[in-house]
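K.L.:
my questions concern the predicted model and sequence given below.
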Amino acid sequence: MMHRTLSAAVRALWPWTSRWAWVNGRQMHYIDEGEGPPVLLQHGNPAWGFLWRGFVEPLTAAGYRVIVPDMIGFGLSEKPAHAAAHSLDGHIADLVGLVRELDLTGLTLVCHDWGGPTGIGCALQDAHRAHALVLMSTWAWALPPSEFHTRMFPWRMMHAPLAGPWLMQRHAGLVARGMALSVVDRDRFRREAQFAYEEVLDEPDARLLSLLWPRVIPLHEKSAARARFDWLESGLARARWPCCLIWGREDEVFEAATFAARFKRLLPHAEGPHLVTGRHFLQEDSAPAIAARILDFLARHPAASVS
């Protein structure tokens, strides 16, 4: 696999050393900065590690080791061009593979969007490695879907056999348009960040996962991923890891009143939900406030206290 070189404009905002690990026969890109208890930041669709650029320095300066992977299919990681490579089980296995390759223990997983199902799945699979969870604008159960995901346009159009590829792959529906609609300060995002997401998904084949992830979201009783989401929910209900919920108050994809509240019922010991300015990609609107909230949470729940 040829490793992609980032443009100078993106590198100026993402200056950390690129690393790659072989996971399940494919190359996953990640950065690994700092020393101390490990904190892994897991993105979703159609983002990559760049989404967490405002978190690396605050966390490393506070004495944490920060690992930020790009999901297989996104960012600088390998992008398989066939649907069979992109099951939810496969992506959980990819993250488990990275965590085992780096032999991470006492691990805090910070999970956003599809980083929730994959990150929670990783924690449940290797429970002895996990220490804490920070959950942000995500979900971990099958039904009911969010109201957003039941809308005919634009979301259900992504499931259509012809319209979906036309919107999501040929015309980069999520990365070129959807992300900007899912932040509060759209002008700043378009000016300062959007180019970095478009750069790493600049060809239709590279955007396959942005087409497939919407189709994995369970919308009815017979959805293909139903069993895995049921497993996530039941496993999380038994979990006793320290947990913190952070939500964008303007998020309409996973509204706080419904989804953060359901996590609170599932994990009554969880802190929050703490609301910050932000639509779905809340990191783009409130990185300093979220990083400070994570640091406060970790300071009160140090990994060394785990018996």
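P.N.:
Perfect, I can see it now.
K.L.:
pLDDT at the residue nearest to Leu6 when sequence neighbours are not counted, what is it?
P.N.:
Leaving aside its sequence neighbours, Leu6 sits nearest to Trp14 (CB to CB, 6 or more residues apart in numbering; 6.7 Å). Using the backbone N, CA and C atoms, a C-beta is placed for each residue, glycine as well. At Trp14, the model reports a pLDDT of 98.
K.L.:
which residues touch Trp14?
P.N.:
6, 49-50, 53, 196 (CB atoms under 8 Å, 6 or more residues apart in numbering).
K.L.:
want to try JSON lines for those residues, with pLDDT as columns?
P.N.:
Below are the contacts of Trp14 laid out as JSON lines (pLDDT from 0 to 100):
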{"residue": "Leu6", "pLDDT": "96"}
{"residue": "Gly49", "pLDDT": "98"}
{"residue": "Phe50", "pLDDT": "98"}
{"residue": "Arg53", "pLDDT": "98"}
{"residue": "Ala196", "pLDDT": "97"}
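K.L.:
out of these, who's nearest Leu266?
P.N.:
Ranked by distance to Leu266 (CB to CB), those are led by Gly49 at 27.8 Å.
K.L.:
quick check, Val66 in a strand?
P.N.:
Yes: looking at Val66 with DSSP: H, G, I helix; E, B strand; the rest coil, it is inside a strand.
K.L.:
give the bridge partners for it, please.
P.N.:
The partner list for Val66 in beta bridges (DSSP bridges) reads Glu33, Val39.
K.L.:
touching, it and Val56? I think so.
P.N.:
Yes: with contact defined as CB atoms under 8 Å, Val66 counts as touching Val56 (5.3 Å).
K.L.:
please enumerate the shared neighbours of the two.
P.N.:
With CB under 8 Å, 6+ apart as the test, Val66 and Val56 both reach 31, 33-34.
K.L.:
ranking these by neighbours, who comes first?
P.N.:
Within those, most neighbours by other CB atoms under 10 Å means Ile31, with 20 neighbours.
K.L.:
which element, helix or strand, includes that residue?
P.N.:
Using DSSP states H and E, Ile31 sits within strand 26-33.
K.L.:
which phi and psi values does the closest residue to Ala270 other than its chain neighbours adopt?
P.N.:
In space, Ala270 comes closest to Cys243 once its chain neighbours are excluded; the distance is 4.0 Å by CB to CB, 6+ apart. Dihedral pair for Cys243: phi -140, psi 140, per degrees, to the nearest 10.
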